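Engineer: below are the sequence and a predicted model; questions follow.
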Amino acid sequence: MARMMESETFVNYALPDEHGNFGRFGGTFAPETLMPAIGELVTAYEEAKADAAFQAEIDRLAASYVGRPTPLYEATRFAAEVSGGNGPRVFLKREDLAHTGAHKINNALGQALLAKRMGKQRIIAETGAGQHGVATATACALLGLDCIVYMGEVDVHRQSLNVFRMRLLGAEVIPVTSGSKTLKDAINEAIRDWVTNVDETYYIFGTVAGMHPYPMMVRDFQSVIGREARQQVLDITGALPSAITACVGGGSNAMGLFHAFIPDTDVEIIGVEAGGHGLDTGQHAATLVAGEEGVLHGSWSYILEDENGQILETHSISAGLDYPGVGPELSYLKSTGRADFVSVTDEEALEGFKLLCRTEGIIPALESSHAIYHAAQMAKRMSPNETLLVNLSGRGDKDMHTVAEALGVSL
Amino acid sequence: MTTTTPIPSRIRDTLDAIHEDGRSALLPFVTAGYPTMETCEATILAMVEAGADGFEIGIPFSDPIADGPTVQHTSQVALANGTSLTDCIALVARLREAGVTVPIMLMGYVNPVIKYGIERYVADCARAGVDGFIVPDLPIEESDRMLEPCREHGRDLIFMVAPTSTDQRLDLVGEHGSGFVYCVSVKGVTGARDSIAEGLGDYLDRIRQHTDLPLIVGFGISTPEHARQVGQHADGVIVASAMINYMNTLPETDQPAGAAAFVRYIRGEAELPSE
Ligand SMILES: Cc1ncc(COP(=O)(O)O)c(C=O)c1O
């Protein structure tokens, strides 16, 4: 009976509603100055979405520039190692092979094309690890748009290689010195820029959080991951996977994979958050696992806050997961029980990182390593007739300094 | 024009009376707990003496997206001092006990209010003597959850409008807002500015066509000349960053007197004592 009700809720899944709500999550908690611009963005996106020429342009660049479809790779040595040869088939969706080395390009390119269509020449973006900044700078170089990237001063130092990449690509990188000087502050500063330069500026937001329409729009641009992977698994195994998993920062690679599978209620969905030094230390970024409902950056969702509703500073070894908010749609999937969320510590993520390097010759991003580690734990409990699908959201080249430092190696 | 059903409102009555007098209202902004709660309280009392017509008291927040560097800094200092939402409400209660009768508005981002509980917040504030609320990240679309408790407790929910607001949105603010309309003077965040925005008069006259609520202008009002120019089209001004910047040049013990001097300065009654 429970299963039937669940199916009815999800078979014709079509959220968000016209106000950008996923159940009680989502919405538009934005300053009035932005509200008309947000309204225009909603309309422009709806028109673009319905325009076959816009979709064709995305498909053309996805194929010839991004390298889509990305492969689905069966990680047999990894699977054998973690389950002693008696576990499920494990498939990796290779977003690490997309141009710029992560899934972030799917969204950045889609939004840059939308900005161009709206006649906005000035692009702003925020970045934490620098992957979304690099993807946005890349899309802007491709389309001839001006690009300004806000990045917390702490991250500018942690991710200096990506700062260099962005500047090579023609972007201006502005270090943010307010607040905790990390991703959430970079988002604050980008919103302040947008409020100030709203007429000529398009804000390319990097994940499925934030105010409507971003959670919907970014998900749509990323949902190509799950559409491809679902078909690829069907083609290879003749059946849907038993479970799918992805790491969750803001949630864009996770929603990108999960969206196509929401109606397939027999497919278990699991998101993996950053457990940092451990949930009990308070130094983590496990928003869905350990947070509460509230509003950050324009939407009602789970957030990490103190007893006075002030937003907490987070910690993760992976800068891309180091964020005290999360997308409202993931909050909805959690609240309905359609998806489950777990956390993986820095140390465990490093273990996952090394395991994939050693068994498959693939160096994953530290973000993705969280999903890899949890996939290994899941595989131990699954049987040979099952299939596990993991989103490998990015490659690990950007993380060499961090990993070397964590392993006590000086480069 | 939308004629609002008159809800009993100390804010509106006060602003209407000032208008009848042919004056323009001056509503200083202070961040609760900045630089300390004691100095903040003394500063407000000194400004009451100097003739401030009401106050916007800011509740510090970790992520103030509508604020520029000056107000951001006050928020960070107040939070580092341990200022909580409960402390802000207690401040208002003490001001009322001290005999302050001018309107007091609390300005706070929505998340600390959600954490406190929206209904509990409005009820506790009403008991403490808060007259109205400004929530910069609660646009009209999301405001039902706050409007209902405000109606119940007879308090004003004050909406912001911006130069980008469409006529349709101005109508909605005229329909749902009370107390006054907070007219953001510029596209941008709070912060002192050298001049007032071009076209401000036309913008204010446009808002006037959509509501009979008093119009109060904020963001960037920095000099007596700004206040005078705005006064020709609106019912008053909110002054924040320019006053905070001035007070920051003074030793903490001199700040209450400095704030009083700044009120007389903006009024055009006196020069600013040179630093
Ligand atoms: C490779 C990779 N994976 C995951 C993330 C986390 O973002 P999201 O949760 O939006 O996918 C990032 C962010 O920078 C990333 O670079």
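Structural biologist: Thanks, I have it. Numbers count the residues shown, from 1 in each chain, chains lettered A, B, ... in the order given.
Engineer: and residue A:403, what does it touch?
Structural biologist: A:350, A:353, A:366, A:396 (C-beta atoms under 8 Å, 6 or more residues apart in numbering or on different chains). C-betas here are computed from N, CA, C, even on glycine.
Engineer: same question for residue A:410.
Structural biologist: Contacts of residue A:410 by C-beta under 8 Å, 6+ apart are residue A:404.
Engineer: what distance do you get for it to residue A:401?
Structural biologist: Taking C-beta to C-beta, to the nearest Å as the measure, residue A:410 and residue A:401 are separated by 10 Å.
Engineer: now neighbour count too, for the contacts of residue A:403, in TSV please.
Structural biologist: Formatted as TSV, the contacts of residue A:403 follow (neighbours: other C-beta atoms under 10 Å in any protein chain shown):
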residue	neighbour count
A:350	18
A:353	26
A:366	27
A:396	22
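Engineer: do I have it right that residue A:113 meets residue A:143?
Structural biologist: Yes. Assessed by C-beta atoms under 8 Å, residue A:113 is found in contact with residue A:143 at 7.0 Å.
Engineer: these two: who's more crowded?
Structural biologist: Neighbour comparison, residue A:113 and residue A:143: the larger count goes to residue A:113, with 20 against 15 (by other C-beta atoms under 10 Å in any protein chain shown).
Engineer: one step back: need the max-distance pair from the contacts of residue A:403.
Structural biologist: For the contacts of residue A:403, the farthest-apart pair by C-beta to C-beta is A:350 and A:396; their separation is 11.0 Å.
Engineer: what's the overlap in contacts for those two?
Structural biologist: A:366, A:369, A:403.
Engineer: what is the burial count for the residue lying closest to the first one once chain neighbours are set aside?
Structural biologist: What that stands for is residue A:366. Leaving out its chain neighbours, the residue that sits closest to residue A:366 by C-beta to C-beta, 6 or more residues apart in numbering or on different chains is residue A:318, at 3.7 Å. Neighbourhood size, residue A:318 [other C-beta under 10 Å]: 27.
Engineer: tell me the contacts of residue A:318?
Structural biologist: By C-beta under 8 Å, 6+ apart, the neighbours of residue A:318 are A:129, A:249, A:274, A:349, A:365, A:366, A:367, A:369, A:370, A:399, A:402.
Engineer: okay, strands next: where are they in the stretch 151-275 of chain B?
Structural biologist: B:156-158, B:160-161, B:181-184, B:215-218, B:236-239 (DSSP state E, counting those that start in this stretch).
Engineer: now mean pLDDT too, for these, in TSV please.
Structural biologist: Listed next are the strands of the stretch 151-275 of chain B as TSV, based on pLDDT from 0 to 100:
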stretch	mean pLDDT
strand B:156-158	98
strand B:160-161	98
strand B:181-184	98
strand B:215-218	98
strand B:236-239	98
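Engineer: turn these into a markdown table, columns for distance to chain A and mean neighbour count.
Structural biologist: Output for those, formatted as a markdown table (distance: least, C-beta to the nearest C-beta, whole Å; neighbours: other C-beta atoms under 10 Å in any protein chain shown):
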| stretch | distance to chain A | mean neighbour count |
| --- | --- | --- |
| strand B:156-158 | 12 | 24 |
| strand B:160-161 | 5 | 27 |
| strand B:181-184 | 6 | 27 |
| strand B:215-218 | 12 | 25 |
| strand B:236-239 | 15 | 27 |
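Engineer: how about those in CSV, adding distance to the ligand?
Structural biologist: Supplementary listing: those in CSV, determined by distance: least, C-beta to the nearest ligand atom, whole Å:
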stretch, distance to the ligand
strand B:156-158, 34
strand B:160-161, 30
strand B:181-184, 32
strand B:215-218, 36
strand B:236-239, 38
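Engineer: and of those, who's closest to residue A:212?
Structural biologist: Relative to residue A:212, the nearest member of these by C-beta to C-beta is strand B:160-161, separated by 18.9 Å.
Engineer: that closest one pairs with which strands, parallel or anti?
Structural biologist: Under the criterion DSSP bridges, strand B:160-161 sits next to strand B:181-184 (parallel) in its sheet.
Engineer: and stretch A:217-227, anywhere near the ligand?
Structural biologist: No. Stretch A:217-227 does not reach the ligand (C-beta under 6 Å from any ligand atom); its nearest approach is 7.8 Å.
Engineer: buried residues in that stretch?
Structural biologist: For stretch A:217-227, burial by neighbour count (16 or more other C-beta atoms under 10 Å in any protein chain shown) applies to A:217, A:218, A:219, A:220, A:221, A:222, A:223, A:224, A:225, A:226.
Engineer: once you drop chain neighbours, what's closest to residue B:24?
Structural biologist: Residue B:24 sits nearest to residue B:231 (C-beta to C-beta, 6+ apart), 3.5 Å away.
Engineer: the residue of the stretch 201-350 of chain A found nearest the ligand: how many residues sit nearby?
Structural biologist: Nearest residue of the stretch 201-350 of chain A to the ligand (C-beta to the nearest ligand atom) works out as residue A:320 at 2.6 Å. Other residues within reach of residue A:320, judged by other C-beta under 10 Å, total 35.
Engineer: just residue B:17 next, same as before
Structural biologist: Using other C-beta under 10 Å, residue B:17 has 12 other residues around it.
Engineer: and what of residue A:73?
Structural biologist: Around residue A:73 there are 19 residues (other C-beta under 10 Å).
Engineer: quick check: it is in a strand.
Structural biologist: Yes. Remark: residue A:73 belongs to a strand, assigned using DSSP: H, G, I helix; E, B strand; the rest coil.
Engineer: once you drop chain neighbours, what's closest to it?
Structural biologist: Closest residue in space to residue A:73, ignoring its immediate chain neighbours: residue A:92 at 4.8 Å, by C-beta to C-beta, 6+ apart.
Engineer: what about that neighbour? Give its phi and psi, please.
Structural biologist: Taking degrees, to the nearest 10, you get phi -110, psi 130 for the backbone angles of residue A:92.
Engineer: that one against residue A:77, yeah?
Structural biologist: No. Between residue A:92 and residue A:77 there is no contact under C-beta under 8 Å: 11.8 Å.
Engineer: who has more neighbours, those two?
Structural biologist: Remark: of residue A:92 and residue A:77, residue A:92 carries more neighbours, 27 against 14, as counted by other C-beta under 10 Å.
Engineer: is the more buried one bridged to anything, and to what?
Structural biologist: Taking DSSP bridges, one obtains residue A:73, residue A:390 as the residues bridged to residue A:92.
Engineer: for residue 23, list the residues it contacts.
Structural biologist: All of this refers to chain A. Residues near residue A:23 by C-beta under 8 Å, 6+ apart: A:15, A:332, A:335, A:336.
Engineer: was after chain B, sorry
Structural biologist: No residues are in contact with residue B:23 under the rule C-beta under 8 Å, 6+ apart.
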